[in-house]
Structure formats: structure tokens, C-alpha cells
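Novice: return a 3D structure for these sequence lines:
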Amino acid sequence: MKITTDEDGTLVIGEVFSGAFIETSEGNRIGFCLRDDTIEFSVLPKDSEVGCRWFRVNMQTREVEEMVLKSEEEFRSKALELTNAILGDLEKKHSIKFDGKLTHTGIDMLAENVVEPFLRALDESKTDGGSE
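Specialist: Take a look at the predicted model:
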């Protein structure tokens with residue numbers, strides 16, 4: 001990490017490859033990490049119920065996207081796969097076609113808001129020693 005000031009006396013922090021946090025006296029934090037063509041940053045309010053969320057800024061396009069942990073991607077992928085299987089099963093058993101009636105966004109919402117929380121609860125019960 002390299003800390004300097006510019007000609008106006010503004011603090012300049014560079015070469016932050018391992019990450020750094022700026023913290024208010026109240027305990028709110030902003031974290032950042034410098035990469036080749038991106039900057040990663042996080043926002044962590046004091047006593048936050050939600051874990052730290054990281055975002056990536058593409059410095060060429062100025063696009064910001066939330067970074068999802070590998071385990072999060074796996075949950076979302078499993079939830080979407082299971083949702084599609086459930087819908088396929090319903091179509092077969094009840095001669096219903098969801099094509100055109102349930103959009104891709106609708107399927108994603110079903111996966112995210114119904115199936116994914118179920119998978120998370122199931123996963124938590126396994127790690128807590130509960131039964132399936």
C-alpha cells in the first residue's frame with residue numbers, strides 16, 4: 001500500500017491490492033481493493049444484519065456490478081435448475097404449457113424468492129446437524 005498526498009493536500013492511497021477499509025467513528029465502513037482494470041468496493045453499515053456486499057467497477061466502461069461469491073452462484077444455479085425441473089414436471093403431469101405465460105424473469109423470480117430460500121434452509125439444517 002502506498003499513501004501520499006497530491007498537490008492540493010488530498011490523501012491518495014494507491015497500490016491497495018490486499019484491500020483496505022475506511023471507517024467512521026460510528027463504525028460504518030467502506031472497503032476497497034485495486035485491480036488491473038477494476039476497483040472493488042464494499043459498503044458495510046455498522047451492526048448490519050446483512051453480510052458485507054462487494055461491488056466491482058469496470059474503470060473503462062464505468063459499469064458497476066455486484067460480486068457474487070461462488071457459493072452464491074451455486075445456490076442461484078441450483079435454484080434455477082430445480083425451478084425449471086418443477087415447472088417441467090407440472091407441465092407433464094397436468095398438460096400445462098408455461099411457454100408465454102411465465103416469462104424468463106418470472107422463472108428467475110420464482111427461483112430466487114421461493115426455491116433458493118428453501119435450498120438455503122435445507123443447507124443450514126444440514127450444517128446445524130438437523131435432519132433432512
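
Novice: and this protein, what are its domains?
Specialist: By the record's domain assignment, the chain is partitioned as 2-66, 70-127 (automatic domain parsing).

Novice: any chance of those in JSON lines, with mean neighbour count too?
Specialist: The C-beta positions use only the backbone N, C-alpha and C, and glycine is treated the same way. Formatted as JSON lines, the domains of the chain follow (neighbours: other Cβ atoms under 10 Å):
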{"stretch": "domain 2-66", "mean neighbour count": "11"}
{"stretch": "domain 70-127", "mean neighbour count": "13"}
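
Novice: would you list those domains in JSON lines and tack on mean pLDDT?
Specialist: What follows is these, written out as JSON lines (pLDDT from 0 to 100):
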{"stretch": "domain 2-66", "mean pLDDT": "86"}
{"stretch": "domain 70-127", "mean pLDDT": "71"}
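
Novice: where is the longest helix in this protein?
Specialist: The helix spanning the most residues in the chain, taking DSSP state H as the definition, is helix 70-94.

Novice: and stretch 34-43, C-alpha only, in PDB?
Specialist: This file holds the C-alpha atoms of stretch 34-43, laid out as PDB (Å, rounded to 0.1, in the frame of the first residue of the first chain):
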ATOM      1  CA  LEU A  34      -7.500  -2.100  -6.600                       C
ATOM      2  CA  ARG A  35      -7.200  -4.500  -9.500                       C
ATOM      3  CA  ASP A  36      -5.800  -4.000 -13.000                       C
ATOM      4  CA  ASP A  37      -8.800  -2.500 -14.800                       C
ATOM      5  CA  THR A  38     -11.300  -2.600 -11.900                       C
ATOM      6  CA  ILE A  39     -11.800  -1.300  -8.400                       C
ATOM      7  CA  GLU A  40     -13.700  -3.500  -6.000                       C
ATOM      8  CA  PHE A  41     -15.500  -1.800  -3.100                       C
ATOM      9  CA  SER A  42     -17.800  -2.800  -0.300                       C
ATOM     10  CA  VAL A  43     -20.300  -1.000   1.900                       C
END
